[in-house]
Every structure is written in structure tokens, then in C-alpha cells.
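In: Fold the following.
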Amino acid sequence: MRAYGARSRVHDHPGIVWDEVVGYLATMAFAPPGWLWIAAGFICFRLFDILKPWPICVLDRHVHGGLGIMLDDLAAGIAAALTLLLLAPFV
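Out: Residues are numbered from 1 along each chain as shown. Purely as a prediction, here's the structure:
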């Protein structure tokens, strides 16, 4: 990712989605089964990924390069997974 980013001069190219895949897989790793949870996991992950609340914003601002690109999505995935686990008993 770093080599492509240097050549294309784009920090987080939208055509490279491995970071999104890793984040969503982290979200769904311990999610309950079912379509409701698949959709809820996707929505939660995207919200955390777009809004970048603390501590995700810290990773996004201070960890640079490919590692930073991966870590902020992984952190968003973990936050989304925790959200699903907290919601599960109430659904």
C-alpha cells in the first residue's frame, strides 16, 4: 500500500479496500448470526469509520502510512463489534 500511495500521491486511495475488509471482518468476528446482525454490523462499522470518534481519530491523525490506514479501520471494526455485543442482549 505504501508503494502505491507514494506513486499515486493519494494517502488512502478509494480503490484499495483491504482496510475496509479487515475492519468489517473485525466487526463481524463475534457477531450473532443472522441478516439483522450483518446489516447492523455494516452500518455500525461505516459510522465508526466515517465519524472517527475517540480513540479512532487519534490513530487516524497520529499513525501515518499504510499502518495508520489499516489501524483506524481495525479500531472502527473493534468499536463496531463491541457495539453489537452490547446490543445483542436487547434484541
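
In: quick one: the helices in the chain?
Out: Assigned by DSSP state H, the chain shows helices spanning 2-8, 18-28, 35-51, 56-62, 65-87.

In: Identify the residue nearest the residue most central in space within the chain in space, chain neighbours excluded?
Out: For the chain, the residue nearest the mean C-alpha position is Asp73 (3.0 Å; CA atoms, centre = their mean). Closest residue to Asp73 apart from its sequence neighbours, by CB to CB, 6 or more residues apart in numbering: Gly23 at 3.5 Å. No exception for glycine: its C-beta is placed from N, CA and C like everyone else's.

In: could you check the distance from that neighbour over to Ala75?
Out: According to CB to CB, to the nearest Å, Gly23 stands 8 Å off from Ala75.

In: Equivalent analysis for Val58, please.
Out: 9 Å.

In: Would you mind telling me which of these two has the busier surroundings?
Out: Ala75 (23 against 12; other CB atoms under 10 Å).

In: phi, psi of Gly34?
Out: The phi/psi pair for Gly34 (degrees, to the nearest 10) reads phi 120, psi 150.

In: In contact with Ile38: list those residues for me.
Out: Met28, Ala31 (CB atoms under 8 Å, 6 or more residues apart in numbering).

In: at 10 Å what do you get?
Out: By CB atoms under 10 Å, 6 or more residues apart in numbering, the contact set of Ile38 is Tyr24, Thr27, Met28, Ala31, Pro32.
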